[in-house]
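Chemist: Sequence plus the predicted model coming up.
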Amino acid sequence: MRRLLRVWSVDPWFVPGVVLLTLFGIAMIYSAGEVHVPNPVTDTAWIRQAVWFALALIAFTLLTRVPARWLEWVAAPSYVVSVVLLAATLVVGTGAGTAAGVRSWIDLGFIRFQPSEVAKLATILALARFLAQRERPLSSLRDFLVPAALVGLPVVLVLLQPDLGTAMAFVGILFAMLFWAGAPIALLLLVLSPVAALVLAFDITIWSWYIVGLIGFLYLYRYRLFLAESVAVVLANFAAGTIARPLWSSLAEYQRNRILVFLDPEVDPRGAGYQLIQSMVAVGSGGLTGQGFTMGPQKRFDFLPEQHTDFIFSVVGEELGFRGTVLAIAVFAYVLSRLVKMADDASDPFAGLVLLGIFGAWLVHVFVNIGMTIGLVPITGIPLPFVSYGGTFLFMSWVAVAIAVRVAHER
Amino acid sequence: MNVFHPHSKRVRAHVAYAMLAVVMGVLVAGFFRVQVLRSSSWELRAESNRIRRLPVPAPRGTIYDRDGRILADNVPGYAITLLPMPRDSARAVLDRLADHVDLSEERIERVLATLGRFGREVVVDPDADFESVSVIEERRGFFPGIYVEMRPRRRYVLGNAAAHVLGYVGEITAEELASPDYLNDRYDRGMTVGKLGVERQYEGRLQGRQGWKYVEFDARGRIVGDFSGVRTDPGEPGEDIHLYLDYELQDYIHSIFPDTLSGAVVVLDPADGAVLAMYSAPTYDPNDFVGGIDDDIWRGLTVNEGRPMFNRPVLGLYPPASTWKLASAGIGLDLGVITPDEYMPDPCTGGWQFGNRYFRCWDARGHGFNNLSEAIGNSCDVYFYQLGVRIGLDRLLDRSTDIGFSQRCGIDLPQESQGVFPESRDFWRRTFGYAPTEGETLSLSIGQGPNSQTPLKMAQFYVALARDGSAPAPRIAKEIELEEGWELNLTPEHLEALRDGLRYVTAPGGTAHFGTALEHWEVLGKTGTGQNSLSVQGLAEDHAWFTGMAGPPGGAPEVVIAVLVEYGASGSAMAAPIMAKAADFYLRRKHGIPTDTIQTYLEHLLAGVPAPWYRERFPPEAATRR
């Protein structure tokens, strides 16, 4: 007990903040089950979530007693294992619940879990291990190659499942950790620049000006980059601009709809835009004060899609109103900021990198999940940490909490 | 440079805080916009999302007969409604529904088209039976977006006995909705409206005001409950209508009219022109139309050679033949060109020479000298030829037009044919391309020539003979304003002479005597044999007419009846007994005398039932009067 308290004392408000989020999540899952036409599965989801929370707390307690060195040791093997598991999902993976078309789960009979959850943590550990060992700072794009490969392998496997949301979390991990490892922000932006080219290519005038600006920027930045790298960046931007349209037409109808609907949900209000419109109706009708806990009509009448899992925050918005959403976002912001704080305080580079990796993953999860309920982000199936229903996801999130606390404790 | 130097880390930590603040700030700003700035529009949307305003059909007014017996009322029925949903889902639900409800592919297509056009709820089956409704209710989750409700269903108590006069109801068509008769503040898609007959005529009164209710649905179209807290509008039932029609008489006429023949029976009350019964044969069952008629039945009705949908008493135009001779006589008396007792100078010798043409009497043996009554009784053409010449063509046309033979009676029904009769000499030029000669007068005066009338019109004319020479417009519903009728300027003596002529027809020795002799009532009437396009070619029989009146012996007539049997050959043998039996049935009930199925003397003879009253009613000496 003393040891547990000591571990917590690294940051006296981080773990309570996460406990608060988890309890809040259980309450919202309970509320999500309160509908007019009862559904025996979702009715009792909050109980299962609570049981998983208890299991997660046990795991948390055990993990915080593990020597921090062990985490560095298991980094490489767990990375290899999780990549193998991810590859396995492509063969034996099953869908689950509402994401029945996605092969992201492995079913062991007594338990089902998403290897991508394990892979996220394993990748964080492996990448932290790699970056912490570096002698020199990351100063050129060439230095990004190994980290990008480390993250790229699981990303490709996850995209093949296909699970775009989780892939985005990996990208968040990569950039947060590169940033913490000292990569210049300008360099990180250059890496992202082909994505901008991809989007801007739909207007040839804007794209042309963008390329001109990019080349100008590279000229000003020329002393920090090898020529080959600058050329590579420009070529990558040209390539992205060129494939934009063919890529668009090669997308499946539903994928294109997702994007069009993000731009204007009314394009297809009964089809692809349905989820977004119903979610925005729920959140918007919540107003300032909300409809009251468990009272949300949109939720009660089953208009909300995935209201236990991906769209749990719509229930928050509908029932607790703007006050509730701001409070929930504030708690998330607080918990995330504590990760940065612990990283700042940690003397061990490995610890700081792990903490920033977790920060990057969660920041993507929080922003994409909450943002999609009001159309700030295209809809991708990605859960809200600690709040969305999902036993193994909650469990793995708590494993991440334990790792964060454990590494932060090694000052 | 050590990237993990505390100072370097501190800078990056601040950058990370700033990033975090920006991301969270974007989220908060987004929620502020949705939840605070634009909240009210989303709230509205949330309401309309789950609450559907559904129409509550108002019960249609009940139609009563003259004594308050129900002719048409409402019984509980079930309507199946489909809520708006994407076409593919609707298609799937309807296909599933088709296993339990009689739903043709055509109907499904129509429902889908309406759904696509209006994006509102559509009535799939306005009249579902209880069994299929039970199946749907039991497996509600299986039929998302399907809403079953109780709905008043029209019932026609007399069925096919009163089909034509009452009409029927059906779903309002797009054309009707577009017409100014159906104002949009009262009428809406899916409503039931009167299509024909009284239902159509009094649609505006029978139709109630449709109400609204609010029903809560979940996202899958399952009903969660009636929405409380929002006011619902139950609507208002339609107004009841009381008719002059006699339930039992209408039913009785249906039962005695030959099933295999076509024709019409009109029964009017001479006191006020009220329609006591109006029957058209062959008939149909208006109950088949309630909630949409089966295609098979509809085809059967429309393709049928007998044209069961055709309302013969008011739409059928038939040459009135000899029944029209009373009109010539009435006009002659009105103009004063004859007196009742006057004998025409030329005796009937089977024909009459007029100008360069010889006009035949129907009876080549001739009728000798005739006064008015005798001429009517004998139906002597020669007498009426001479009468026609006295009246003259112009006066005959004017007077006939005055008493409406080229107009409608103005009965309160949506459709009525206009009588065909020349309103002036111009008629011949217009229609046949030649100027009429005086010879036309002769044809017209015996009810031939360009003269076609509805059975209702002839009945109305006989109403004038049964009372004081005036004829109110026939009417079906009580308490309504109708256009005025017309009047012939006849004295009681004139009328008595005309009726005396009619009495000849039914008196012993008259052609229609045996079929019209009744124990309690005196029947007066005129037979008619209307040539038609088939009968002149010898392909079919003539149309048989009998128009007349009946009442207590020696008293004023209390009922006027016109009977037309298409291709019935003989007015006296075919039409007259129907008239007499209907009159007997009506008058017996009116005077509280038990009714019997064996009514006329002829029936007594055929059935071998003694008729001791016959000698009393018709003493042998009366038969020798001729």
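Modeler: Yep, it's here.
Chemist: What about residue 123, how many residues nearby?
Modeler: Since no chain was named, I'll use chain A. In terms of burial, residue A:123 registers 29 neighbours under the definition other Cβ atoms under 10 Å in any protein chain shown. The way it works is simple: take the backbone N, C-alpha and C, and place the C-beta from them, glycine included.
Chemist: I was thinking of chain B, sorry if that wasn't clear
Modeler: By the criterion of other Cβ under 10 Å, residue B:123 has 24 neighbours.
Chemist: Please name the bridge partners of it.
Modeler: Listed beta-bridge partners, residue B:123: residue B:81 (assigned using DSSP bridges).
Chemist: Report pLDDT for it.
Modeler: On pLDDT, residue B:123 comes in at 83.
Chemist: Who are the contact partners of it?
Modeler: With contact set as Cβ atoms under 8 Å, 6 or more residues apart in numbering or on different chains, residue B:123 has these partners: B:79-82, B:171, B:190.
Chemist: Sticking with the nearest residue to residue A:308 once chain neighbours are set aside, tell me its helix or strand.
Modeler: Once flanking residues are discounted, residue A:308 sits nearest to residue A:389: 4.0 Å by Cβ to Cβ, 6 or more residues apart in numbering or on different chains. Residue A:389 is part of no helix or strand, with elements assigned from DSSP states H and E.
Chemist: if I read this right, residue A:389 contacts residue A:312, doesn't it?
Modeler: Yes. Checked against Cβ atoms under 8 Å, the pair residue A:389 and residue A:312 is within contact range at 7.0 Å.
Chemist: and the closest residue to chain A within chain B, how far is that from residue B:314?
Modeler: The nearest approach of chain B to chain A comes at residue B:42, 2.4 Å away (Cβ to the nearest Cβ). As defined by Cβ to Cβ, to the nearest Å, residue B:42 lies at a distance of 60 Å from residue B:314.
Chemist: More neighbours: which of the two?
Modeler: Neighbours were counted for residue B:42 and for residue B:314 using other Cβ under 10 Å; residue B:314 has more, 26 against 23.
Chemist: coming back round to it: which residues do residue A:389 and residue A:312 both contact?
Modeler: In contact with both residue A:389 and residue A:312: A:25, A:29, A:32, using Cβ under 8 Å, 6+ apart.
Chemist: burial count for the last one?
Modeler: Taking other Cβ under 10 Å as the criterion, the count of residues near residue A:32 is 29.
Chemist: Enumerate the positions of the strand or helix carrying it that are buried.
Modeler: Residue A:32 belongs to helix A:14-33 when assigned by DSSP H and E. Within helix A:14-33, the residues scored as buried using 16 or more other Cβ atoms under 10 Å in any protein chain shown are A:14-15, A:17-22, A:24-33.
Chemist: for the nearest residue to residue A:289 once chain neighbours are set aside, what are its contacts?
Modeler: Counting by Cβ to Cβ, 6+ apart, the nearest residue to residue A:289 once its immediate chain neighbours are dropped is residue A:321, at 4.4 Å. When contacts are counted by Cβ under 8 Å, 6+ apart, residue A:321 touches A:286-291, B:35.
Chemist: where do the strands sit along the stretch 251-400 of chain B?
Modeler: Along the stretch 251-400 of chain B, the segments classed as strands by DSSP state E, counting those that start in this stretch run B:263-269, B:274-281, B:351-354, B:357-360.
Chemist: again with chain A
Modeler: Listed in chain order, the strands found in chain A under DSSP state E are A:106-107, A:112-113.
Chemist: What strands flank the last one, and is each parallel or antiparallel?
Modeler: So the one you mean is strand A:112-113. Here strand A:112-113 is paired, per DSSP bridges, with strand A:106-107 (antiparallel).
Chemist: How far does stretch B:533-545 sit from its chain's centre?
Modeler: The offset between the C-alpha centroid of stretch B:533-545 and the centroid of the whole chain comes to 27 Å, using Cα atoms, centre = their mean, to the nearest Å.
Chemist: Give the rounded mean pLDDT of that stretch.
Modeler: Per-residue confidence for stretch B:533-545 averages out to 86 on the pLDDT scale.
Chemist: okay, and for the stretch 1-150 of chain B, where does confidence drop off?
Modeler: The stretch 1-150 of chain B contains residues with pLDDT under 70 at B:1-3, B:49-50, B:119.
Chemist: the strands in it, which residues?
Modeler: B:51-56, B:63-64, B:70-82, B:122-128, B:146-156.
Chemist: Go through those strands and name the closest to residue A:266.
Modeler: Taking Cβ to Cβ as the measure, the strands of the stretch 1-150 of chain B were each checked against residue A:266, and strand B:51-56 came out nearest at 20.4 Å.
Chemist: Adding distance to residue A:114, write the strands of the stretch 1-150 of chain B out as TSV.
Modeler: As requested, those are arranged in TSV below (distance: least, Cβ to Cβ, whole Å):
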stretch	distance to residue A:114
strand B:51-56	39
strand B:63-64	71
strand B:70-82	40
strand B:122-128	44
strand B:146-156	38
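Chemist: Tell me which of those sits nearest to residue A:103.
Modeler: Each of the strands of the stretch 1-150 of chain B was checked against residue A:103 via Cβ to Cβ, and the shortest separation belongs to strand B:146-156, namely 35.9 Å.
Chemist: near chain A, anything from the closest one?
Modeler: No. Where contact is defined by Cβ under 8 Å from any Cβ of the partner chain, no part of strand B:146-156 touches chain A; the two come within 15.0 Å at best.
Chemist: Output the contacting helices and strands for the next helix or strand after that strand.
Modeler: The element immediately downstream of strand B:146-156 (helix or strand, assigned by DSSP H and E) is helix B:163-166. Identification of packing neighbours for helix B:163-166 by 3 or more Cβ pairs under 8 Å, 6 or more residues apart in numbering or on different chains; DSSP states H and E yields helix B:197-201, strand B:274-281.
Chemist: List the contacts of helix B:163-166.
Modeler: B:63, B:71-72, B:156, B:158, B:196-199, B:245, B:250, B:275, B:278-280, B:283-286, B:311-313, B:413, B:476.
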